[in-house]
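Colleague: sequence and predicted structure are below.
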Amino acid sequence: MESVIQVMVVGIVGFPALAVLALGLRAWVYHPWSERTTVAIVGFGFSASVTVCAITVAWLLHADVSEVRVPLGSWFSAGHYSFDWNLIADRLSIPFATFSAVLLGLVASFSRRYLHREPGFARFYLLLAIFGTAVQFVVLAGSLDLVFLGWELVGVTSALLIAFFHERRGPVEHGLRAFVTYRLCDVGLLAAGVALHFMVGTSDVGPSTGGPWAGFVVPSTWAGASIVGLLILWASIGKAAQLPFSGWLPRAMEGPTPSSAVFYGALSIHLGPYLLLRSESILQASWLAAGAVIAVGALTALHATFVGRTQSDIKSALAYASMTQVGLIYVEIGLGFRYLAVAHIVGHAAIRTLQILRSPSLLHDHHHLEQAMGRQLPRTGGHLERLVPQAFQPWLYRVALERGGFDAVLKDWAVAPALRFLSRIDGWDQAWVDYLTKPSAAGERRSRHDEVRP
Amino acid sequence: MSSVADMIDHAAHLLPQQSPLHMFVHHNTLHAFEHLHFEQAVLEGAARFGTEPYQTEQAFAQCLETARIRPVDIDAVLEPLHDDSVAPVIAGGPTRRELHALRLRNLFEIPKGAALHWMLEETGTLFRFHPRVPEAARAAILHSAERVSVDPAPMSAKAREEQSLEQMWRALLAVAPVVSRAGVSVRRRDQILAAYGADTDRLVHPLLIRFCAAFVDQGIAYWQMAEREQGLLAAFRALYGLGSGPMDRWMRGLSEELRRQGRDGWDAERTVSWALEELGVPHAEWQGYIEETLLSLRGWAGMIRQLEERPDTAPVDPPPARLADYLALQLTLDLHAARFELQPHAGESEKLADLATSRSAEVEELDLELVYEAFIVAQLAGVGPAEMTSSSAAKRWLEEIREFDSNERRRLMHLAYERRHRIGVLDGIVGHCRLGRARAKSPSFQAVFCIDDREESLRRQLEELRPDAETYGYAGFFGVAMSYEGIEDIRPRPLCPVAVRPSHYVTERALDESDAAAFAGKRRRQGQVTHSIGLGSKMLTRGGLLSALFGFLAVIPLLGRSLFPRSTERLAHWALHRTAPVPPTRLCVEGAGEVRPDGLRAGYTLDEMTGIVASVLTTMGIDKNLSSLVLIVGHGSSSLNNPHEAAHDCGATGGGRGGPNARAFAQMANDARVRERLRAQSVVIPDSTWFVGAYHNTCDDSMTYYDEDLLPPHLVDALDDVRGAFADACRLDAHERCRRFESASFDLDPESALTHAEAHAYDLAQPRPEYGHATNAVCIVGRRERTRGLFLDRRAFLVSYDPMRDPSGTILAALLRAVGPVGAGINLEYYFSFVDPTGYGSGTKLPHNIVGLVGVMDGHASDLRTGLPWQMVEIHEPVRLLTIVEAKTEMLERVLAQEAGLANLVNKEWIQLVAWDPDSDALAVYEKGRFRPYVTENPAIAVVERSMEFYAGRRGHLSPAHVTAGLFAEGRA
């Protein structure tokens, strides 16, 4: 029976991956499927994923087994060392995998009507399917290396969907910004993997140590655990839009509404906390790492709740609301309230997805709400005004409107110097190329119609 | 010398005039240019806003292929352009007329810039004939090459082709003119961008957008802007003048500047002058500079202007907006950013004022695009190297090609496109007329609809179902220009055309006050729960508790909304109304004329009511022929996922829903005292006649009837019967609408078509709740009996007017005065949003993001998007409204002489005008100041029994057809 379940677990990732293949191959030859077939393929991928998830859950409960590990094979082995790939289905990953597959399926069904007749229809669904596969990889990964694989794919699809309307400048710029943020944080993930390999010889999820689910093998020293813990925290804050890397999130609301919903209301943004839950063993071993998680979460929650209160467009307001809750979830994880964190993630993802999907109906809803209340909606913000001293309020308002100045600091102290450095290198490069090509350039670059010019 | 304030007022005309979205009203996008001729206005608009004047050449080429435009249309539009000169443009070449006709038939693509270079270098363009070149032209060119060939040796055809094309190319290139790239515009930002590649708008705009959005916000942000009540500029100074200001490097020093301005007590105008002087703008250029500056973020500037001029259009609480404040702020920031960007280049002794002169070195290059175009056209025309041996001939050829540029070609193609449409409609009308008509004598019931093009199908379907019924069209406010407050509304809103400011206030009251109180209480509790969930979920602690404890419950609505949108919405609706049923109500239409605090008068006096009823009935010509049951049907539309919901509502009620107007009118016309006064004016409403107000939802095709309990007993059965007919007609209407939805299959029956239409209305995921006015193209003012049984494909506004009852033309003048601008406004807004979906329209809906409850942005922090979204206009045919009026030409000419506004629309060709003789089937098209009799092309018309037979299985626009079931027949005894 266990071998059957192992196949099922592979299916959780495999079915969406098959959908990617089916869509991708046709797109490759510039001949995408019709809308109906596209939706059918993706819908099948996610529904099948939900089904095998359900079967796995049923079996885990029925057989009272706490985890199933699925070896996918080995990349290479040298002597006694071998680099294995494996998936793990346990009390942490399976609920998440199920929930993700359900949400993805719903959004796929929703988008069928939303993106009807859109020129990028096939592209959207291909990216959604890749994203779905990648999320399942991250969730079911039995080692940090495998997490990295899914993690990267999530980042790429996220950036490409932000830049979905690439004929305008804003989406491309903001997609790039998200992508750079992700890459910066990927360094943390890669470093964490290397550090684990170096310290304990493997980045696999270790044997269960009595907690509800197994975690990565903890380095034996406190310093080692702290380093790995901090690196994982670093890795997680990019996707979770925690301070100081939070500025991309409101800007990510450039794609079609359903993709904004499933990425930044539901799945992508919660992958950060998920990674931390998986790494709980390490956080428990180091108060420093756990403390850092709490600090980042608390600061972000505070920052986001203030900034969010001044946002006057619905999608930014929802983006900051998401950020606030993810900050709280960080605090919960740092404090060790793991079940609360899981419930919080699921609840928050569901409620926020619904809100983002509903956001274009805001005028309609606002009108009906006013009618129901029988008066103008009560003025908000009084609570804040009572707490904050009068003289301080305009200042706080402006800081919140300026998003805490993080963008300014980042731009003037990190991006601008980096750009200057890069443009200097580019200048040297250009000079070198000119030096190499100058003498012969005149003859070759003249074209036929230039020649016949009198 | 005009003052800064005057300059701002002047510049403001160029800004989009779109009110906050909940009050969306269609208007001519180029309203600012309406004093010009249409053709001139679209070019000026294009130059000013960087937009397209007409459809693309590619689109027109497609039309040629599908025979939407026919060769005869091209010849016809070229006709008036030329004398009959037979002299060729160059020796051995075509005449100018031949050249133009040839060019319009061959709208090939001309690649630009690098694409052209690539094409010339990497493809066989220069050695091989263009694929469109016909055989005869090829032969002519080869022959011509032979004549000038110095090489007597025989050549292969291929070599000859290569040789001749190369000769032609050389000849043309040798005389190629030089073009300079468009000069840098007046703004310092553009000059800095051109000189240093640094865009100051990228510093200024995000801040400006953020600040304006927060300033106008009507309730999205939890925390309202501090100091907002002081106005935009003062609030900015108060917030950004604090301490050392924000941390961004470019804003360094801004706070001191703002504090200084504040200390010196500068108002907006003073600040604008100062900033312009500091920017080094000569006083003579101020007007232009102000215009360009405002246009750089025109959506926001326009919204600030709207809120300044019409604070009553703000959804909740109008902010003290002033365009001058906005401009002062923008210029201050522009100046600051310009100084910041110029700082690194200080060594180059840059001064702002010198930028314009020192940096305007224009890049000059050969006009390769023109050479390419001339080269291809020469091939198409069979003009070979022999004809171009002299450089003067080659020059002449280039000149001819240049004269006939893309805008001119598109202008002509547009005329041809409109011509084909006009012929289709007019031939249809003539054909229909010739098939005869039945005069209505005693209809068993009558129904008055809005003139809206969407009601055309419902009327026709109703007539097909009930040949004994008669329908009328009147502007959907039915003469009742009121400010209305329904039982659930919290503030009155105007329900009348935008041009009218209502002075009467009408409210809806529950019959039983205690019922009303109970209802309000229940609704309030529902509202409070929704409100606290919505608000709480965005907060820190409340949101945490809510999402961690109950968040998972949101999966249920998610499932419903994604998988079963229609049932979910119906269930939600049912649950809401089950718990709090709306109590029976009445309108308080009558009032003694007391003035309310807001300046409105409560209700109408009996005399006013009499006036309204009399004018509506006589205008339609219904008053002598009233049946015992008359329905007055207002309309509106409700949908989800649609920030532009109000754009689908009734234009005649100013983007509101016309149900209350219909109800109020019925109540007035039923009043015995009103009827008595009417009798004195010799308008007789028989005692047996009763008016019933109703409301048609054009999105889900549902009907609501008002005050049925007041119906006299003898009409109860009749109304039941009529309601049944309406229900069937709505199903058929939904069926006819569904043919335009690609998502609806052709084999739907009317019942499932209604379900499909409902699903469009109730779906959170549906960007096309309905196609609105997307098919509008025609407006017919005249008797319904003449258009009855004519299938017009939901494309025509139908205005009831009886020329026999209006010998003086006063009714017609009043009618056209109101209908002309409204119809033109709707039609032209669709025109512009279609021809340039991102320049004039608001682009695709998918990334729209509602900001401040007033408008939408594209995703994050963009300019406010005005105009219509692509999903609303995608099936539109951009033709100017073909207005057909049943009247003698002399009468229309008289009306035009009287009505300056209408005359402007007609003479400047913003609409097309056709006179339809009341006594015959003669039509006359108004052209260049006079009516010319219309000669039919092919008046044969398709004859079907039912509309459904005609449109079944077809998605596109359809020509008129004669529907026999729709003709009037006396009711069964």
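Modeller: Yep, that arrived.

Colleague: low-confidence ranges in the stretch 251-400 of chain A?
Modeller: Along the stretch 251-400 of chain A, no part satisfies pLDDT under 70.

Colleague: smallest distance to chain B belongs to which residue of it?
Modeller: Closest residue of the stretch 251-400 of chain A to chain B, C-beta to the nearest C-beta: A:Gly347 (2.1 Å). Every C-beta, even on glycine, is put in place using the N, C-alpha and C of the backbone.

Colleague: report how many residues lie close to the residue lying closest to that residue once chain neighbours are set aside.
Modeller: In space, A:Gly347 comes closest to B:Gly551 once its chain neighbours are excluded; the distance is 2.1 Å by C-beta to C-beta, 6 or more residues apart in numbering or on different chains. Residues lying near B:Gly551 (other C-beta atoms under 10 Å in any protein chain shown) number 25.

Colleague: just the pLDDT for B:Gly551.
Modeller: Per-residue pLDDT puts B:Gly551 at 88.

Colleague: check B:Ala328 too.
Modeller: pLDDT for B:Ala328: 95.

Colleague: remind me what the host helix or strand of it packs against, helices and strands.
Modeller: Assigned by DSSP states H and E, B:Ala328 belongs to helix B:323-342. Under the contact criterion of 3 or more C-beta pairs under 8 Å, 6 or more residues apart in numbering or on different chains; DSSP states H and E, helix B:323-342 touches helix B:4-12, helix B:188-196, helix B:201-216, helix B:232-240, helix B:254-263, helix B:268-278, helix B:286-295, helix B:298-309.

Colleague: now render the ones you listed as TSV, adding mean pLDDT.
Modeller: Formatted as TSV, the helices and strands packed on helix B:323-342 follow (pLDDT from 0 to 100):
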stretch	mean pLDDT
helix B:4-12	93
helix B:188-196	86
helix B:201-216	94
helix B:232-240	93
helix B:254-263	93
helix B:268-278	93
helix B:286-295	94
helix B:298-309	95
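
Colleague: including mean neighbour count, could those go into JSON lines?
Modeller: Below are these laid out as JSON lines (neighbours: other C-beta atoms under 10 Å in any protein chain shown):
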{"stretch": "helix B:4-12", "mean neighbour count": "18"}
{"stretch": "helix B:188-196", "mean neighbour count": "20"}
{"stretch": "helix B:201-216", "mean neighbour count": "22"}
{"stretch": "helix B:232-240", "mean neighbour count": "24"}
{"stretch": "helix B:254-263", "mean neighbour count": "17"}
{"stretch": "helix B:268-278", "mean neighbour count": "20"}
{"stretch": "helix B:286-295", "mean neighbour count": "20"}
{"stretch": "helix B:298-309", "mean neighbour count": "23"}
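
Colleague: nearest to A:Val52, out of those?
Modeller: Closest to A:Val52 of those is helix B:201-216 (C-beta to C-beta; 46.0 Å).

Colleague: how far does the closest one sit from the chain's center?
Modeller: Chain-centre distance of helix B:201-216: 27 Å, with C-alpha atoms, centre = their mean, to the nearest Å.

Colleague: same deal with stretch B:958-973?
Modeller: With C-alpha atoms, centre = their mean, you get 32 Å for stretch B:958-973.

Colleague: go on, stretch B:201-218?
Modeller: Distance, centroid of stretch B:201-218 to centroid of chain: 27 Å (C-alpha atoms, centre = their mean).

Colleague: before we move on, what about stretch B:390-410?
Modeller: Relative to its parent chain, stretch B:390-410 has a centroid offset of 35 Å by C-alpha atoms, centre = their mean.

Colleague: tell me the buried residues in it?
Modeller: Of all the residues in stretch B:390-410, those buried under the rule 16 or more other C-beta atoms under 10 Å in any protein chain shown are B:393-398, B:400-401, B:404, B:408-410.
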